[in-house]
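Undergrad: The amino acid sequence is not available; the structure is as follows:
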Ligand SMILES: Nc1ncnc2c1ncn2[C@@H]1O[C@H](COP(=O)(O)OP(=O)(O)OP(=O)(O)O)[C@@H](O)[C@H]1O
Ligand SMILES: [Mg+2]
């Protein structure tokens, strides 16, 4: 027995050592690359200080949309332990149905005469649509698999994702639909020396508002406590009298509502939506959730903002300085590089330490 | 003090009853024709070795698993078939095996979870105070995360959490497990106090001496069957019991 354990410890460190050494090499290279690129970008003076600030604001606006979607991934992972890959389509459903509402209001003239009332109506439509889709997917695709291994609903979720994409394509066509512009949101505000384009400002405000509401819901209300209880131990939650199925539906509904808000905000910023709109933002939001520490709600918020900022600034800051041509087209590359790097530096994600600590 | 036999014989209705219960996990039968009656105001214990089916009995009472034959009654009404949360609403709560606190929540939140089905604020406050009286230590730890408590403190919170539901019947699954002997004794004193305050207690234990020292009556479970059922004092004197479960005493 002693011999065996000695052999095990003898072998252990050397294999471990190689991986560790490799990770350290990657880390050092990464830090060096980032510093090097940033140095040349900044000293090279390709962008003015104001342009950097604009990129920053856009990144935060984009990131807050990611954050809203990421909440749905992270909450479902928290209670059921799998990634709901159909969540990008939940977001798309809200954006798409919202488009029809916006378009209708535009034709009636209300969009122009009462822009904020119209936006509010469309917001409710988006939230309702996304919530219904999220809850429907849970009911049809996940609830029957409650006792199956977690890989099974994960695969089902990919199926649900395709189903929704092609159902929307079949119903509404493959063409790109354009949200009407909101004239009242033309122009920009000046906030602490940053030029904030009004739509982006509204996006940031709305997203932050929703996140605060969600945080209060989860941390301060009985419903939120039930969600956390189900996330931690379903059997014991049931013993406290929690209706576990209903709580899971609530989680999907809340995640869906957040994605619906994100859908409208997406429509405001990019003004375009089609059946495939959910894919990339979905993957980015999933990345944000992992980046922040999957299962952690504050982590998803932070992860979204960080990812948005990094992919907005990163290409011009790091890649351009390293001499990469047309760096601004590589924001998706930067986003996923950021994911790899965060996982290399902090495998549990930015806020994930609690999770790791509790598993140990 | 009344004896268990008197209580059983005076024609009163059991508050909790398992009648001819068989329980299966898939094809494997665990409980075989188990009948247990617990009368209001009693402490009853269920003794048995590892894997004899003690936890399964509690799971059957709470509806984590349904009996394949027989039924469970609370206060004369059948509760088998009802969802767990409905049984909890009707007045059963449990201190589970290994305590199972919500480790990421604070102690206060754990206690509040215990009162999840109630909305009488004042009553909840009262019961909170009652828990602090039983366990003064808990009051000092209210805002601490439950995962950082010591084993003994976790046991206190687990009992407190179960009491916050203001149950008619309190089920306890091996409360002495993993506790130092001093704490085990304290723990059983607490169970007696809870009982004196009017809660009926059904305690599952491997520590037969300890359990029988506070119980009115006891059942002995062996591979899923009740092999002995008697008053606590009779069980303590029973030669078979002495040989099989109380051996360490001799
Ligand atoms: N979910 C399950 N599926 C299949 N078999 C199970 C399940 N839960 C328990 N069993 C089996 O049922 C038997 C009785 O288990 P139970 O947990 O009731 O025993 P116990 O008396 O509480 O034991 P212990 O003192 O070790 O807690 C064991 O053989 C166990 O392996
Ligand atoms: Mg057990």
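TA: Perfect, thanks for sending it. This is a predicted model, so every value here is computed, not measured. Ligands and ions are numbered 1, 2, ... in the order given.
Undergrad: Residue A:224: what's it in contact with?
TA: If you count contacts by Cβ atoms under 8 Å, 6 or more residues apart in numbering or on different chains, residue A:224 has them with A:216, A:217, A:218. (Glycine included, C-beta is placed from N, CA and C.)
Undergrad: doesn't it fall inside a strand?
TA: No - counting by DSSP: H, G, I helix; E, B strand; the rest coil, one finds residue A:224 to be helix, located in no strand.
Undergrad: So for it, what's the pLDDT?
TA: Note for residue A:224: predicted pLDDT of 94.
Undergrad: tell me, how many neighbours does the closest residue to chain B within chain A end up with?
TA: Going by Cβ to the nearest Cβ, chain B is nearest to residue A:241 of chain A, at 3.9 Å. By other Cβ atoms under 10 Å in any protein chain shown, 22 other residues sit near residue A:241.
Undergrad: Can you classify it as helix, strand or coil?
TA: coil.
Undergrad: so where do the strands sit in chain B?
TA: B:16-25, B:28-38, B:43-47, B:69-74, B:77-78, B:92-95, B:169-173, B:200-205, B:217-222, B:225-231 (DSSP state E).
Undergrad: Tell me if the second one is near ligand 2.
TA: No - looking at strand B:28-38 against ligand 2 by Cβ under 5 Å from the ion, there are no contacts, and the closest approach is 11.2 Å.
Undergrad: can you list the residues that contact that strand?
TA: B:8, B:14-24, B:44, B:46, B:53, B:56-57, B:60, B:67-68, B:70, B:169, B:200, B:202, B:219, B:221, B:223-226.
Undergrad: now do the first one
TA: Contacts to strand B:16-25, defined as Cβ under 8 Å, 6+ apart, come from residues B:29-38, B:53, B:56-57, B:59-61, B:65-74, B:92, B:169, B:200, B:202.
Undergrad: Check those one by one and keep those near ligand 1.
TA: Filtering the contacts of strand B:16-25 for proximity to ligand 1 by Cβ under 6 Å from any ligand atom leaves B:30, B:53, B:56.
Undergrad: ok, and the most crowded of the residues you listed?
TA: residue B:53 (24 neighbours).
Undergrad: Throw the ones next to ligand 1 among the contacts of strand B:16-25 into CSV and include pLDDT, thanks.
TA: Listed next are those as CSV, based on pLDDT from 0 to 100:
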residue, pLDDT
B:30, 95
B:53, 93
B:56, 95
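Undergrad: which one of those residues sits closest to residue A:269?
TA: residue B:56 (56.6 Å; Cβ to Cβ).
Undergrad: From residue B:149, how far off is that closest one?
TA: Remark: distance between residue B:56 and residue B:149 (Cβ to Cβ, to the nearest Å) = 28 Å.
Undergrad: go on, residue B:29?
TA: With Cβ to Cβ as the criterion, residue B:29 and residue B:149 are 38 Å apart.
Undergrad: One more: residue B:198?
TA: Residue B:198 is 28 Å from residue B:149, by Cβ to Cβ.
Undergrad: These two: which has the busier surroundings?
TA: Between residue B:198 and residue B:149, residue B:149 has the larger neighbour count (other Cβ under 10 Å), namely 22 against 9.
Undergrad: For whichever residue of the stretch 201-350 of chain A sits closest to ligand 2, what is the enclosing helix or strand?
TA: Residue of the stretch 201-350 of chain A nearest ligand 2, by Cβ to the ion: residue A:235 (13.4 Å). Assigned by DSSP states H and E, residue A:235 belongs to helix A:234-239.
Undergrad: where do the strands sit along the stretch 201-350 of chain A?
TA: For the stretch 201-350 of chain A, the strands defined by DSSP state E, counting those that start in this stretch occupy A:272-273.
Undergrad: low-scoring stretches of chain A, by residue?
TA: A:1-16, A:353-360 (pLDDT under 70).
Undergrad: Chain B too?
TA: For chain B, the ranges with pLDDT under 70 are B:1-11, B:246-250.
Undergrad: Determine the longest helix present in it.
TA: helix B:181-196 (DSSP state H).
Undergrad: what's in contact with stretch A:98-108?
TA: A:111-112, A:118, A:121-123, A:125-126, A:129, A:177, A:179-180, A:260, A:263-264, A:267, A:273.
Undergrad: can you list the domain ranges for chain B.
TA: Following automatic domain parsing, one finds the domains of chain B at B:1-91+B:169-250, B:101-166.
Undergrad: As a markdown table, the ones you listed with distance to residue A:57 would be great.
TA: Shown next, in a markdown table, are the domains of chain B (distance: least, Cβ to Cβ, whole Å):
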| stretch | distance to residue A:57 |
| --- | --- |
| domain B:1-91+B:169-250 | 48 |
| domain B:101-166 | 35 |
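Undergrad: which of the contacts of strand B:28-38 are close to ligand 2?
TA: Okay, of these, nothing touches ligand 2 (Cβ under 5 Å from the ion).
Undergrad: now the strands of chain B in TSV, with distance to residue A:52?
TA: Formatted as TSV, the strands of chain B follow (distance: least, Cβ to Cβ, whole Å):
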stretch	distance to residue A:52
strand B:16-25	63
strand B:28-38	67
strand B:43-47	71
strand B:69-74	68
strand B:77-78	71
strand B:92-95	59
strand B:169-173	61
strand B:200-205	66
strand B:217-222	73
strand B:225-231	77
